[in-house]
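**Student:** sequence first, predicted model second:
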Amino acid sequence: MSKGRSVQALSQDGPLWATLRLLRREFWVVAVFSMVANVLMLAPTLYMLQVYDRVLVSRSETTLLVVSLITLFLFMVMAFAEWSRSRVLVRAGMHLDAVLGPQVWVASFEQAARRSEGAPGRGLADLTQLRQFLTGNGVIAFFDTPWTPVYIGVLFLLHPWLGVLALCLALAQGTLAWWGNRAAREPSAELSRLENDAQVFLQSKLRGAESVQAMGMVPALRGQWLQRHGAAMAQHARTLGQSHRLQAMSKFLRYAAQGASLGVGALLVIDGQISPGAMIAANVLTTRALAPIDLLVGTWRGFLGAREAFGRLQALLKEAPQQRGSGGVASAVPEGTLRLRGLNAALGTALAPVPQGQVVLHDVQTRVPGREAPVLNGVSLRTAPGQLTVVLGPSGSGKSTLARVLVGLCEPSAGEVTLDGRPLADWDAQALGPHVGYLPQEVELFDATVAENIGRLGEVDSQRVIAAARAAGLHEMILRLPKGYDTPLGESGRFLSGGQRQRIALARALYGEPALLVLDEPNANLDDAGEAALQQAVLRMREQGKNVVAVTHRGGLAALADQLVVLEAGRVRLSGAPQEVLKALKPAAALPAGQTGGAGPSGPTPQPA
């Protein structure tokens with residue numbers, strides 16, 4: 001591996017192609033070792049010719065010994081060349097994983113956070129599949145196949161008919177490989193889609209296992225899963241049957257080639273046109289000439305899988321956060337050096353500008369797949385440091401989507417979101433993260449200690465963790481846990497109540513006193529004490545000059561707001577000082593029952609004017 005090589009994240013073809021181009025030197029080394037190995041594959045043929053045509057005729061034991069020792073040495077060189085190219089491929093695969101692994105990890109989380117199409121977490125499996133293919137027999141077959149014409153050329157030197165026979169057999173096998181590619185491409189892609197669909201369905205239902213089990217939904221879901229699984233198994237049988245037919249035909253051609261080369265060679269020996277040694281050598285050369293093509297046929301399914309994984313990885317990495325904006329450009333990644341990569345990341349974070357928290361939305365529109373109408377439609381909003389903005393509105397009005405837009409989890413399909421006058425998409429997501437506090441509507445805790453969850457899974461700063469816990473009114477409760485702040489929460493913190501999980505997530509959002517704090521239904525599971533702690537935390541953040549945005553159905557926070565925003569059907573219906581907005585809402589709240597559309601901040605949801 002060369003020193004100082006690096007991946008430019010904004011490569012014209014994306015980081016995946018950029019990384020593969022970094023490995024071109026390794027591929028050239030593999031090509032050289034393949035040349036040596038394939039040239040030395042002629043050694044058995046030459047040895048047979050010497051034994052049959054010279055040793056047996058001269059009956060010289062000295063000649064046999066010398067020829068055998070030379071051939072043995074050539075075999076050792078050939079074995080070393082094959083071992084060396086395998087080692088180089090393994091190192092290339094490790095380098096590919098070292099460079100792309102962190103990017104795929106970040107991109108997978110971003111894909112899941114943005115709720116993009118595709119299976120979250122599949123990127124790492126695709127990277128593994130691509131790495132295994134690059135270090136397997138499939139790639140070696142691609143390096144060996146160009147030497148097939150060399151072996152056929154040697155057969156032409158032995159006798160033209162032997163060369164013609166080998167050429168015809170190679171064309172037949174090449175045609176079989178081409179046909180197999182065309183025939184297997186669509187079935188293989190469909191099989192991958194169906195298997196992924198069944199797996200995603202199962203995983204999504206397992207996340208709601210408690211509700212499924214308690215309400216007797218297992219039989220219904222089992223039937224739905226069996227439909228998906230059955231379709232995948234049927235496609236698997238068809239694809240595998242086609243693959244086996246292809247392999248059987250290839251096997252028939254391979255054995256037919258061995259028999260035909262021996263038969264034609266025997267005829268030529270009978271006619272006195274070649275020697276018996278040339279006949280045996282021709283058989284070995286024919287087998288060797290067709291071996292790479294046969295290996296290509298055998299590994300074709302793996303090649304198709306690797307190509308599909310490559311396409312998914314390419315699409316995933318093109319949307320990775322390292323690709324966006326000057327701040328988000330990934331630093332050059334020193335080859336194979338994780339420590340230097342971590343140092344570069346740390347320096348990039350340290351040198352990144354510290355946001356002040358001024359967020360402006362200008363005519364923002366967002367869409368989701370499968371829904372015609374935009375979730376947000378022409379939303380314009382300004383939130384400032386030292387200000388508490390409370391967003392109200394009925395269910396489905398776009399409040400949670402607005403919260404996700406504010407923290408960069410949902411990219412607008414139209415309009416612009418700026419942070420401190422700079423497009424939010426231009427900020428490095430990893431550098432910006434510590435300055436953003438976000439409490440989602442669906443709280444997710446991690447299999448770590450209380451302190452690690454509050455400290456965002458980084459190096460625990462005890463003082464900052466305790467400060468965040470106190471701000472969320474959690475400190476006393478945490479001290480009552482079996483191990484205090486070192487208490488493991490387990491998977492998703494299941495042994496905690498909903499209110500406890502939400503307050504720990506609130507402390508995590510408050511950790512480090514972020515410049516921008518976005519809370520989505522922060523009081524949904526809180527009791528009176530939790531509500532009071534939430535209000536105190538919000539007021540404290542506002543007093544410290546932080547930008548606080550809260551989405552809520554309950555009126556407690558609305559009474560403290562500096563700015564009140566009412567969303568309806570994805571549009572801002574009302575916005576301004578709380579007194580003015582609440583005054584405008586009173587006529588709607590006074591309407592008779594049955595003429596209002598849901599619960600507003602203190603009663604029915606306001607209707608369009």
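**Tutor:** Yep, it's here.
**Student:** quick check: which element contains the residue nearest to the spatial centre of the chain?
**Tutor:** By CA atoms, centre = their mean, the mean C-alpha position of the chain lies nearest to residue 123, the distance being 2.0 Å. Taking DSSP states H and E as the criterion, residue 123 maps to helix 122-134.
**Student:** where does the prediction get shaky in the stretch 351-500 of the chain?
**Tutor:** Low-confidence regions of the stretch 351-500 of the chain, defined by pLDDT under 70, span residues 351-352, 370, 492-494.
**Student:** and the nearest residue to residue 141 once chain neighbours are set aside, what does it touch?
**Tutor:** Distances taken as CB to CB, 6 or more residues apart in numbering put residue 295 closest to residue 141, at 4.0 Å, once the chain neighbours are dropped. For every residue, glycine as well, the C-beta is placed using N, CA and C. Counting by CB atoms under 8 Å, 6 or more residues apart in numbering, residue 295 touches 137, 138, 140, 141, 144.
**Student:** now for these: which two are most distant?
**Tutor:** When CB to CB is used, the two most widely separated members of those are 138 and 144, lying 10.9 Å apart.
**Student:** please, which helix or strand holds residue 101?
**Tutor:** When secondary structure is defined using DSSP H and E, the element that contains residue 101 is helix 61-113.
**Student:** so after the one helix or strand residue 44 maps to, what's the next helix or strand?
**Tutor:** Taking DSSP H and E as the criterion, the element that holds residue 44 is helix 43-50. With elements assigned by DSSP H and E, the helix or strand that comes after helix 43-50 is helix 56-58.
**Student:** what's the spacing between that next one and its chain's center?
**Tutor:** 64 Å (CA atoms, centre = their mean, to the nearest Å).
**Student:** again, but for stretch 212-226
**Tutor:** Centre-to-centre, stretch 212-226 and its host chain are 30 Å apart (CA atoms, centre = their mean).
**Student:** what about it, how long is it end to end?
**Tutor:** Distance across stretch 212-226, first residue to last, is 16 Å (CA to CA, to the nearest Å).
**Student:** what comes into contact with that stretch?
**Tutor:** Outside of stretch 212-226, the residues within contact range by CB under 8 Å, 6+ apart are 198, 201, 202, 205, 211.
**Student:** out of those residues, which are buried?
**Tutor:** Neighbour-count burial (16 or more other CB atoms under 10 Å) applied to the contacts of stretch 212-226 gives 198, 201, 205.
**Student:** in helices, which of those fall?
**Tutor:** Members of the buried ones among the contacts of stretch 212-226 lying in helices (criterion: DSSP state H): 198, 201, 205.
**Student:** so where do the strands sit in the stretch 351-500 of the chain?
**Tutor:** Ranges of strands within the stretch 351-500 of the chain are 359-366, 376-383, 387-392, 414-419, 422-423, 436-439, based on DSSP state E, counting those that start in this stretch.
**Student:** quick one, which of those is packed in tightest?
**Tutor:** strand 387-392 (a mean of 25; mean count of other CB atoms under 10 Å).
**Student:** okay, now the nearest residue to residue 477 once chain neighbours are set aside: neighbour count?
**Tutor:** The shortest distance from residue 477 to any non-neighbouring residue, by CB to CB, 6+ apart, is to residue 500 (7.0 Å). Using other CB atoms under 10 Å, residue 500 has 22 neighbouring residues.
**Student:** same check, this time on residue 484
**Tutor:** When neighbours are counted by other CB under 10 Å, residue 484 registers 13.
**Student:** what's the closest non-adjacent residue to it?
**Tutor:** Of all residues not flanking residue 484 in the chain, residue 478 sits nearest, at 6.0 Å (CB to CB, 6+ apart).
**Student:** thought the one you found was touching residue 485?
**Tutor:** Yes - Residue 478 is in contact with residue 485 according to CB atoms under 8 Å; the separation is 5.8 Å.
**Student:** what's across from residue 437 in the sheet?
**Tutor:** residue 517 (DSSP bridges).
**Student:** follow-up on the earlier one: the residue nearest to residue 141: helix or strand, and which one exactly?
**Tutor:** Going by DSSP H and E, residue 295 is in helix 276-298.
**Student:** can you give me the buried ones in that helix?
**Tutor:** Judged by neighbour count using 16+ other CB under 10 Å, the buried positions of helix 276-298 are 277-298.
**Student:** now do stretch 457-471
**Tutor:** By neighbour count on 16+ other CB under 10 Å, the buried set for stretch 457-471 is 460, 465, 466, 467, 468, 469, 470, 471.
**Student:** pLDDT at residue 517, what is it?
**Tutor:** Looking at residue 517, its pLDDT stands at 92.
**Student:** okay, now the domains of this protein?
**Tutor:** Here the domain parsing of the chain from automatic domain parsing is 7-136+299-341, 359-444+505-589.
**Student:** looking at the contacts of stretch 212-226, which one is closest to residue 63?
**Tutor:** Of all the contacts of stretch 212-226, the one sitting nearest residue 63 is residue 198; the distance, using CB to CB, is 65.9 Å.
**Student:** gap between the closest residue to that closest one other than its chain neighbours and residue 196?
**Tutor:** Beyond its immediate neighbours in the sequence, the residue positioned closest to residue 198 (CB to CB, 6+ apart) is residue 228, lying 4.1 Å away. As judged by CB to CB, to the nearest Å, residue 228 and residue 196 stand 10 Å apart.
**Student:** between these two, which one's more packed in?
**Tutor:** Ranked by neighbour count (other CB under 10 Å), residue 228 and residue 196 place residue 228 first, with 17 against 14.
**Student:** check the gap between the more buried one and residue 234 for me.
**Tutor:** From residue 228 to residue 234 the distance is 11 Å (CB to CB).
**Student:** how about residue 42?
**Tutor:** Residue 42 sits 48 Å away from residue 234, taking CB to CB as the criterion.
**Student:** who has more neighbours out of those two?
**Tutor:** Higher neighbour count among residue 42 and residue 234: residue 42, with 19 against 12, using other CB under 10 Å.
**Student:** chain center to the helix holding residue 101, what's the gap?
**Tutor:** With CA atoms, centre = their mean as the basis, the distance from the averaged C-alpha position of helix 61-113 to the chain average is 26 Å.
**Student:** which helices and strands sit right next to that helix?
**Tutor:** Here helix 61-113 is seen to pack against helix 15-22, helix 24-40, helix 43-50, helix 122-134, helix 137-144, helix 300-318, helix 429-432 when contacts are counted using 3 or more CB pairs under 8 Å, 6 or more residues apart in numbering; DSSP states H and E.
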